[in-house]
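Engineer: got a sequence here, can you build the structure:
(4 chains)
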2 protein chains.
Amino acid sequence: MQLDNRKKEVLHAIVDDFVSTNEPVGSKSLIERHNFQVSSATLRNDMAELEHMGLIEKPHTSAGRIPSDKGYREYVNSLMTIEELTPQEQLEIEYRIGSSVDEVTDLIKNATHTLSEQTGFVSLAMSPRLKKSFLKQLKILMIEPGKALVVMVLSAGVVKDKVVRIPNFLNDEQVMKISGAIEKNLTGKPLDEITLVTVETAGKGTEVPEPLLKQVLYEAYAAIKQADELNIYLDGEHRILELPDFSSLGRARDLLGTLSDSGMVAGYVNEMENARIQGGNDSFMIRIGQEITLEGLEDCSFITATYNVTDSVSGNIGIIGPKRMLYSKVISQIDFVKKKLNSEMKKFT
Amino acid sequence: MQLDNRKKEVLHAIVDDFVSTNEPVGSKSLIERHNFQVSSATLRNDMAELEHMGLIEKPHTSAGRIPSDKGYREYVNSLMTIEELTPQEQLEIEYRIGSSVDEVTDLIKNATHTLSEQTGFVSLAMSPRLKKSFLKQLKILMIEPGKALVVMVLSAGVVKDKVVRIPNFLNDEQVMKISGAIEKNLTGKPLDEITLVTVETAGKGTEVPEPLLKQVLYEAYAAIKQADELNIYLDGEHRILELPDFSSLGRARDLLGTLSDSGMVAGYVNEMENARIQGGNDSFMIRIGQEITLEGLEDCSFITATYNVTDSVSGNIGIIGPKRMLYSKVISQIDFVKKKLNSEMKKFT
DNA sequence: TGTTGGCACTCAACTGGATAGAGTGCTAAT
DNA sequence: ATTAGCACTCTATCCAGTTGAGTGCCAACA
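Structural biologist: Sure, this is the predicted structure:
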């Protein structure tokens, strides 16, 4: 099942035409728009074969052809050539993302927003996976009797905190002691190596009565665990409705319904990321149509790239759009945003 | 322009029927469904008058009538009777919102989510207006040379923080001194009485070289100002697409487009809140159709209630839905959520 | 063997007319 | 003030006919 050169060109042309016109493309209009040195009948033969191979399909008998999931896949894998962004576009992105922020979270939100604006699709980003980052500081601040704030500074330049409940009787000094002990013993440890046992051991020497100490240590542990929980940021959901591909309402509804469950989407992105690492470790993860196992996204393409905060700490950023998209353009947009994100991240570490 | 009793009943019936069927209601079906002791011709006369008064209108000549904005307004102001929630519904709400959380923000998010689930509409909440809350604690923690975390505990039980840049040369001890001075002098002051001058005066006595001190004080001030910035939480935007009222796509698109600019929506809610205080100081703010000055919400109703964290600190929670809604039910849902929110808030102060 | 012109066939999309049905406004009688 | 009756309006729906882009296949050709 090999594709000869002309068939490749035909598939390429069909994808291009369909992407730009949103109409099934027929043999005749193909001849008109492209410089094929053969007749439409020949193209018809080619198209019949492409259909037989499952690369294109027709909505109904007397319509032109549209690319199938497999067709888009072939296009993305072997046919398209990445389109560089114009200097103008690059500048735009740099300007939007580069605006000064004090927190990593804001940087990621900016990037996500920019990506949605630039592509016109839904964009999303995962917060950095902090499991591999290590503790640089941990302080427990008394807020009021029974309540404290655990503040953690991580190697990835991220500051996290969590309000926790502690025993009422504890005073400032005792809490400081515990805080100091944890910090002293756990600084430099990657988050995923910190367990309840580690924290309890770290707090051992403190002269605080056993049951009280234990509760504080537990809460500190919980705060640390919460710190490496993943967040997902979605942006531009409303743009879905601007796309002719989702004008059927039902499709749009299903898609937005699924996206509203951000936990589910986050889980899926994680799954994609794992597949990426196990697989070819490409810099992009592209899923097209039925390849996506999230309900309501069967007519979408889902493209993410991995950005890096440090060598071992990374997150994802990408888009969800219709299958009918300018892959070459969108991929460079994501790539450029990712690169800009990477370089901005450096300022925090 | 007085409404006699029967006309009131007719308008009431028209609103009820239209809300439940989503079809323009005619004189005949009105007779069928309700126990009017008069003929359809009489109702036709009444309806003609109601239309003349601008309370109902017809989509086209040969259709039934639907309530106008003014009609809904009359209904809400004088005709409807509030419908109590069933114990079942109350329990559901109590259960959802009551689930333990450690931070006020999570509580508000929970309430917003629950409200959207219960009503089937878009829900939204404003974070508490913290201008009138006062500083209970302020600590500046060194994160690394040149970077610090300002942590503030406010009287409303809220903890806020902000990463700030400080001069590289400053050491722990100096920062602690400044932090202590600010805290000592500003504790107990409402946020809206804290200005750059107040902060600078508070930091005066500290033995830290002038230009460095000034920068830290400025950053502390900026952190305090940021703490009383308002946040808005939206939930359930996707439910818009489930409603037949927005099946036209264009409407849904405009609405979601506007909602995606959360700053704009927040500004509008503020405006509503101010009008509420200046006006009758009702516990609800209800805007119907054209009364709403946000683009794309001309076919919506916007209902908010005010929840209280302390006597002087409050926020808003409410919904955005189609004009065609069960006002009596929705209002008690919002009211109940608000009350539950109030009581849960008590746990934080 | 690959390519081509020709031709019959298919099917969605559009058109225009006819009809049904729900509802109105008006009038004259009660 | 209320009512029955009636002519009128307008949308929604159905149906039949037409158009047009596109296909598949065949026979002829290089």
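
Engineer: contacting residues for the closest residue to DNA strand D within the stretch 151-300 of chain A?
Structural biologist: Nearest residue of the stretch 151-300 of chain A to DNA strand D (Cβ to the nearest atom of the strand) works out as residue A:249 at 16.7 Å. C-beta coordinates here come from the backbone N, C-alpha and C atoms, glycine included. For residue A:249, the contact set (Cβ atoms under 8 Å, 6 or more residues apart in numbering or on different chains) comprises B:241, B:247, B:249.

Engineer: what number of residues lie near the second one?
Structural biologist: If you count neighbours by other Cβ atoms under 10 Å in any protein chain shown, residue B:247 ends up with 12.

Engineer: circling back: relative to residue B:117, which of the contacts of residue A:249 is nearest.
Structural biologist: Proximity of those to residue B:117 (Cβ to Cβ) peaks at residue B:241, which lies at 15.6 Å.

Engineer: what helix or strand is the residue lying closest to that closest one once chain neighbours are set aside on?
Structural biologist: Taking Cβ to Cβ, 6 or more residues apart in numbering or on different chains, and ignoring the residues beside it in sequence, residue B:241 has residue A:253 as its nearest neighbour in space, at 4.1 Å. Residue A:253 belongs to helix A:250-260 when assigned by DSSP states H and E.

Engineer: which residues touch that helix?
Structural biologist: For helix A:250-260, the surrounding residues in contact (Cβ under 8 Å, 6+ apart) are A:122, A:234, A:237, A:240-241, A:245-246, A:264-265, A:294-297, A:299-300, A:320, B:236-238, B:241-242.

Engineer: make it 7 Å
Structural biologist: Residues outside helix A:250-260 that contact it (Cβ atoms under 7 Å, 6 or more residues apart in numbering or on different chains): A:122, A:234, A:237, A:240-241, A:246, A:264-265, A:294-297, A:299-300, B:238, B:241-242.

Engineer: what about those residues, which are in helices?
Structural biologist: A:264-265 (DSSP state H).

Engineer: show me what counts as buried in the lengthiest helix in chain A.
Structural biologist: In chain A, taking DSSP H as the definition, the longest helix is helix A:327-346. For helix A:327-346, a neighbour-count test (16 or more other Cβ atoms under 10 Å in any protein chain shown) marks A:327-334, A:336-338, A:340-341, A:344-345 as buried.

Engineer: next: stretch A:176-184.
Structural biologist: A:177-179, A:181-183.

Engineer: check stretch A:32-40 too.
Structural biologist: A:36, A:40.

Engineer: and it, how far out from the chain's middle?
Structural biologist: Mean-position distance between stretch A:32-40 and its chain equals 40 Å (Cα atoms, centre = their mean, to the nearest Å).

Engineer: residues making contact with that stretch?
Structural biologist: Against stretch A:32-40 from outside (Cβ under 7 Å, 6+ apart): A:13, A:17, A:27-28, A:31, A:43.

Engineer: buried only: go through those for me.
Structural biologist: The buried subset of those - by 16+ other Cβ under 10 Å - is A:13, A:17, A:27, A:31, A:43.

Engineer: ok, now which ones touch the first one?
Structural biologist: Read that as residue A:13. Residue A:13 touches A:30, A:34, counting by Cβ under 7 Å, 6+ apart.

Engineer: and it, backbone torsions?
Structural biologist: Dihedral pair for residue A:13: phi -70, psi -40, per degrees, to the nearest 10.

Engineer: ok, now residue A:159?
Structural biologist: Dihedral angles (degrees, to the nearest 10) for residue A:159: phi -110, psi 130.

Engineer: now swap in the one 4 residues further on and tell me
Structural biologist: Taking degrees, to the nearest 10, you get phi -80, psi 130 for the backbone angles of residue A:163.

Engineer: ok, it - contacts?
Structural biologist: Residue A:163 touches A:147, A:149, B:102-103, B:159, counting by Cβ under 7 Å, 6+ apart.

Engineer: ok, residue A:228 next?
Structural biologist: Residue A:228 touches A:130-131, A:191, counting by Cβ under 7 Å, 6+ apart.

Engineer: one step back: only whichever of the contacts of residue A:163 are buried, select them in ChimeraX.
Structural biologist: To isolate the buried ones among those in ChimeraX, judged by 16+ other Cβ under 10 Å, type:
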select /A:147,149 /B:102,159
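
Engineer: go through the contacts of residue A:163 and name the one nearest DNA strand D.
Structural biologist: The closest of the contacts of residue A:163, once distances to DNA strand D are taken by Cβ to the nearest atom of the strand, is residue B:103, at 50.0 Å.

Engineer: check that closest one and give its pLDDT.
Structural biologist: Note on residue B:103: pLDDT of 87.

Engineer: isn't residue A:110 right up against residue A:100?
Structural biologist: No - in this structure, residue A:110 is not within contact of residue A:100 by Cβ atoms under 7 Å, at 10.2 Å.

Engineer: just the ones of the contacts of helix A:250-260 in strands?
Structural biologist: Mapping those onto strands (DSSP state E) picks out A:122, A:234, A:300.

Engineer: which element is residue A:152 on?
Structural biologist: Assigned by DSSP H and E, residue A:152 falls in strand A:147-154.

Engineer: whoops, I mixed them up, residue A:182
Structural biologist: helix A:172-186.

Engineer: and that helix with strand A:147-154, angle?
Structural biologist: 20 degrees (axes from the mean of the first three to the mean of the last three Cα atoms, to 10 degrees).

Engineer: need the contact partners of the next helix or strand after helix A:172-186.
Structural biologist: Downstream of helix A:172-186, the next assigned helix or strand under DSSP H and E is helix A:196-202. By Cβ under 7 Å, 6+ apart, the residues outside helix A:196-202 that reach it are A:181-182, A:185-186, A:217-218, A:220-221.

Engineer: for chain A, what lies in contact range of DNA strand C?
Structural biologist: A:6, A:37-42, A:44-45, A:60-63 (Cβ under 7 Å from any atom of the strand).

Engineer: possible to save those as JSON lines with secondary structure and pLDDT?
Structural biologist: Formatted as JSON lines, the residues of chain A next to DNA strand C follow (DSSP: H, G, I helix; E, B strand; the rest coil; pLDDT from 0 to 100):
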{"residue": "A:6", "secondary structure": "helix", "pLDDT": "94"}
{"residue": "A:37", "secondary structure": "coil", "pLDDT": "91"}
{"residue": "A:38", "secondary structure": "coil", "pLDDT": "95"}
{"residue": "A:39", "secondary structure": "coil", "pLDDT": "94"}
{"residue": "A:40", "secondary structure": "helix", "pLDDT": "95"}
{"residue": "A:41", "secondary structure": "helix", "pLDDT": "95"}
{"residue": "A:42", "secondary structure": "helix", "pLDDT": "96"}
{"residue": "A:44", "secondary structure": "helix", "pLDDT": "96"}
{"residue": "A:45", "secondary structure": "helix", "pLDDT": "96"}
{"residue": "A:60", "secondary structure": "coil", "pLDDT": "92"}
{"residue": "A:61", "secondary structure": "coil", "pLDDT": "91"}
{"residue": "A:62", "secondary structure": "coil", "pLDDT": "90"}
{"residue": "A:63", "secondary structure": "coil", "pLDDT": "91"}
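
Engineer: intersect those residues with the contacts of DNA strand D.
Structural biologist: Among these, DNA strand D is touched by A:41, A:44, A:61-63 when using Cβ under 7 Å from any atom of the strand.

Engineer: looking at the residues you listed, which is nearest chain B?
Structural biologist: The shortest approach to chain B among these belongs to residue A:63, at 23.6 Å (Cβ to the nearest Cβ).

Engineer: which ones are touching the nearest residue to the closest one once chain neighbours are set aside?
Structural biologist: Counting by Cβ to Cβ, 6+ apart, residue A:24 is the residue found nearest to residue A:63 once chain neighbours are left out, at 4.5 Å. Under the criterion of Cβ under 7 Å, 6+ apart, the neighbours of residue A:24 are A:58-59, A:63-66.

Engineer: now, of those, which are buried?
Structural biologist: A:64-66.

Engineer: thinking again about what came up before, and which of the buried ones among the contacts of stretch A:32-40 is nearest residue B:210?
Structural biologist: Out of these, the member with the shortest distance to residue B:210 (by Cβ to Cβ) is residue A:17, at 68.8 Å.
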